[in-house]
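J.: Need a 3D model of the following:
(chains A and B)
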Amino acid sequence: MPCKFCKTNPVINLPNSEINLCKSCFIKYFEKKAIKTIKQYKLIEKNDHVMVACSGGKDSLSLLYVLNKLSLKERKIKVTALLIDEGIKGYRDDSIKDAKKFCKEHKIKLHIASYKKELGKTLDQMKSQNPNKIACSMCGVFRRSLLNKSSRELKATKLATGHNLDDEAQSILMNQLRNNIALSSRMGPRTGTGKDPRFIPRIKPFYFLTEKEVATYAFLKGLISKFNECTYNEDSYRFEIRDLLNNLEQKYPGTKHSLVASFIEILPTLKKSFKGKSIGICKTCGEPTSSNICKVCNLTKEIN
Amino acid sequence: MPTIFLEKEDVTKTVDATTLKEVYEKLNINSTTVIATKNDELIIESTKLNSKDKIKILPVISGG
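T.: Residues are numbered from 1 along each chain as shown, chains lettered A, B, ... in the order given. Predicted coordinates:
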């Protein structure tokens, strides 16, 4: 079956439908869907400085491409990029090169923050000194904190991440199966109220786009480099959930969309139920935290 | 038979198949996790293949 709109060769069969789209129609569809999410959930407003969390991979480069295009059209939005160099030999070096090349070509300011400079050690060093610790768990805590801290220092008003529908569906199911609904109440296309200036609100413009759609867009825009897998791939629970959802999606198309759509329906109620826990200041580093000592300081103490 | 290059595994196979859908079925590949190209152009599952075609299958899942 040819493209639904222009009858030329299709490049994708849209998930959860019988619609085929050609290159040009798919690019329009993809960008329109991201912009619709931005408008519907008020992810970006006039005079925003949007910091795009950029790993150099297909998701973040696609996001940077779409948001940069938006900023060129709507001049009152500023878009810059922030890359966190965890210090993972044989993995991060290539993606840093890709991110630098992309930003240079598109005249986007790229900031790089590294674990080595900020925390005194690379992830490789942390892991070799603490072999029993899961690298992905350590990395997640430090990366989230550093993204927020660096964005704040660089005076960003929003932090955009390349999370897609697949990522969100996995997180929803993981929280549900672990009885961690409080964590789910802090999810959605936009997180962080913006009321506390220490937290930069996070936005996910690709929230309703699947991983396959993002990969297709990245391919068509020439943003995919050679498949490069992180040398630490230890979040096995997430991978099991990912495979489970992909198997269900294959058998019952639309599963992931339904999971996220039903979550969005109940999210306002969840947010209401778990509202009220005040954010304090970490007694050690002064960063925002809901405990006396923040996760970063606790973990730093554990691994030193 | 079409030649199939699997980028993630870095292996090439020949598969007795007339469509991309058949390739996925025979290689036990979940179509939601990959995209495929023929002569560097993206193709979809119903695309007909001939014996001289060279197909590349790329993973869509992020590497970390």
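J.: What are the boundaries of the strands in chain B?
T.: B:3-6, B:11-14, B:34-38, B:41-43, B:54-59 (DSSP state E).
J.: Tell me which helix or strand A:L267 sits in.
T.: Using DSSP states H and E, the element containing A:L267 is helix A:255-273.
J.: residues touching A:I12, list them.
T.: For A:I12, the contacting residues are A:N20, A:L21, A:F26, A:K212, A:E213, A:T216, B:L42, B:I44, by C-beta atoms under 8 Å, 6 or more residues apart in numbering or on different chains. Just so you know, the C-beta spots here come from the backbone N, C-alpha and C atoms, and that holds for glycine as well.
J.: what about the residue lying closest to the first one once chain neighbours are set aside, how many neighbours?
T.: Meaning A:N20. Leaving aside its sequence neighbours, A:N20 sits nearest to A:P10 (C-beta to C-beta, 6 or more residues apart in numbering or on different chains; 3.6 Å). As a burial measure, A:P10 scores 23 neighbours (other C-beta atoms under 10 Å in any protein chain shown).
J.: residues contacting A:P10?
T.: A:M1, A:P2, A:C3, A:N20, A:L21, A:C22, B:I44.
J.: Repeat the analysis, applying 10 Å as the threshold.
T.: A:1-4, A:19-23, A:25-26, B:42-44, B:46-47 (C-beta atoms under 10 Å, 6 or more residues apart in numbering or on different chains).
J.: returning to that earlier point: so which of the contacts of A:I12 are in strands?
T.: Per DSSP E, those map to strands at A:N20, A:L21, B:L42.
J.: I figured the last one hits A:N20, correct?
T.: No: contact status for B:L42 versus A:N20: not in contact, 11.3 Å apart, counting by C-beta atoms under 10 Å.
J.: For the contacts of A:P10, pick the one with the most neighbours.
T.: Most surrounded of the contacts of A:P10: other C-beta under 10 Å gives A:L21, at 24 neighbours.
J.: which stretches of chain B have low pLDDT?
T.: B:62-64 (pLDDT under 70).
J.: do chain A as well
T.: Scanning chain A for pLDDT under 70 picks out the ranges A:193-194, A:225, A:227, A:234-235, A:276-278.
J.: For it, which segments count as strands?
T.: A:12-13, A:20-21, A:49-53, A:78-85, A:110-114, A:158-160, A:190-191, A:202-203, A:280-281, A:288-289.
J.: Direction included, what does the first one pair against?
T.: Think strand A:12-13. strand A:20-21 (antiparallel) (DSSP bridges).
J.: next one: the partner strand to chain centre, how far?
T.: Its chain's average C-alpha position is 26 Å from that of strand A:20-21, according to C-alpha atoms, centre = their mean, to the nearest Å.
J.: that older thread, which of the strands of chain A sits closest to A:M138?
T.: Evaluated over the strands of chain A, closeness to A:M138 peaks at strand A:78-85, with 13.0 Å, by C-beta to C-beta.
J.: Buried residues in that closest one, which are they?
T.: Within strand A:78-85, the residues that count as buried by 16 or more other C-beta atoms under 10 Å in any protein chain shown are A:V79, A:T80, A:A81, A:L82, A:L83, A:I84, A:D85.
J.: Also stretch A:104-114?
T.: Quick answer for stretch A:104-114 (16+ other C-beta under 10 Å): A:H106, A:I108, A:L110, A:H111, A:A113, A:S114.
J.: correct me, but the second one touches A:K101?
T.: Think A:I108. No: between A:I108 and A:K101 there is no contact under C-beta under 10 Å: 11.2 Å.
J.: Chain A contacts on chain B?
T.: Within chain B, the residues that sit near chain A (C-beta under 10 Å from any C-beta of the partner chain) are B:7-10, B:24, B:29-35, B:37, B:40-47, B:58-64.
J.: List the contacts of the most centrally placed residue in chain B.
T.: Chain B has B:I57 as the residue nearest its centroid, 4.2 Å off, counting by C-alpha atoms, centre = their mean. Going by C-beta under 10 Å, 6+ apart, B:I57 touches B:4-9, B:13, B:20, B:23-24, B:27, B:29, B:33-37.
J.: Next: A:S273.
T.: With C-beta under 10 Å, 6+ apart, A:S273 has these contacts: A:I181, A:A182, A:S185, A:I266.
J.: Out of those residues, who's the most crowded?
T.: A:S185 leads the contacts of A:S273 on contacts (other C-beta under 10 Å) with 20 neighbours.
J.: For that residue, give its distance to A:I35.
T.: 27 Å (C-beta to C-beta, to the nearest Å).
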